[in-house]
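**Q** could you work out the structure for the sequence below:
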Amino acid sequence: MSGQLSLDQLENHHLQRVLKHDGTKQIFLGECKDDPTIKTSQIEKIRKQLKEQQAKDDQCRKANIGHYQPLNYKPVSPDYYLKTAFSNAIMTALYARDEDYQRQKQAQGLKETEWEMTKKQRQHQTRNRHEDGGMHL
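**A** Sure, this is the predicted structure:
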């Protein structure tokens, strides 16, 4: 992240994937902050470099693309990310049954609608069978 190695030179493929994206970089920096062996000044220096590089990239894109809107990630701590992910997982689990119920209700409604739509067709078929006296010529 300090620019001493390129992503291709890293041996750890998991670290390569993390450092490819801005959002995962932010989480990684948050985790680095919790590591006592890494100085806070180093982390701040890297954050500053990343911000400068991002601003430079945004200016370049804006010059080439007239309607470009930058998508900047705010600094995210691992605790915040964990709480958000946990909260979203809980909400999904709680409302999953409601979604299943709604889906079943909609499917039942579609069956009833289809039954009503074919009602006249069925009535005509039964009338036509009886009108000829049961004789099929």
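**Q** what sits against the closest residue to residue 62 other than its chain neighbours?
**A** Of all residues not flanking residue 62 in the chain, residue 68 sits nearest, at 4.8 Å (CB to CB, 6 or more residues apart in numbering). No exception for glycine: its C-beta is placed from N, CA and C like everyone else's. For residue 68, the contacting residues are 58, 61, 62, by CB atoms under 8 Å, 6 or more residues apart in numbering.
**Q** same for whichever strand or helix holds the first one, what does it pack against?
**A** In this assignment (DSSP states H and E), residue 58 forms part of helix 40-64. Helices and strands touching helix 40-64, by 3 or more CB pairs under 8 Å, 6 or more residues apart in numbering; DSSP states H and E, are helix 22-34.
**Q** so what touches the helix it packs on?
**A** Contacts to helix 22-34, defined as CB under 8 Å, 6+ apart, come from residues 1, 17-19, 38, 40, 43, 46-47, 50, 54, 72-81.
**Q** so among those residues, which ones count as buried?
**A** Among the contacts of helix 22-34, those scoring as buried are 1, 18, 19, 43, 46, 47, 50, 76, 78 (criterion: 16 or more other CB atoms under 10 Å).
**Q** from those residues, which is closest to residue 125?
**A** residue 76 (64.3 Å; CB to CB).
**Q** mind listing what the closest one touches?
**A** 23, 26, 27, 30.
**Q** pick out the lowest-pLDDT one from those.
**A** Least confident entry in the contacts of residue 76, by pLDDT: residue 23, with 77.
**Q** tell me how far it lies from residue 102.
**A** Distance, residue 23 to residue 102, by CB to CB, to the nearest Å: 32 Å.
**Q** with residue 18 instead?
**A** In terms of CB to CB, residue 18 sits 38 Å off from residue 102.
**Q** got it, and residue 67?
**A** Distance from residue 67 to residue 102, by CB to CB: 38 Å.
**Q** low-confidence ranges, this structure, go.
**A** Flagging of the chain using pLDDT under 70 yields the residue ranges 1-5, 72-74, 129-137.
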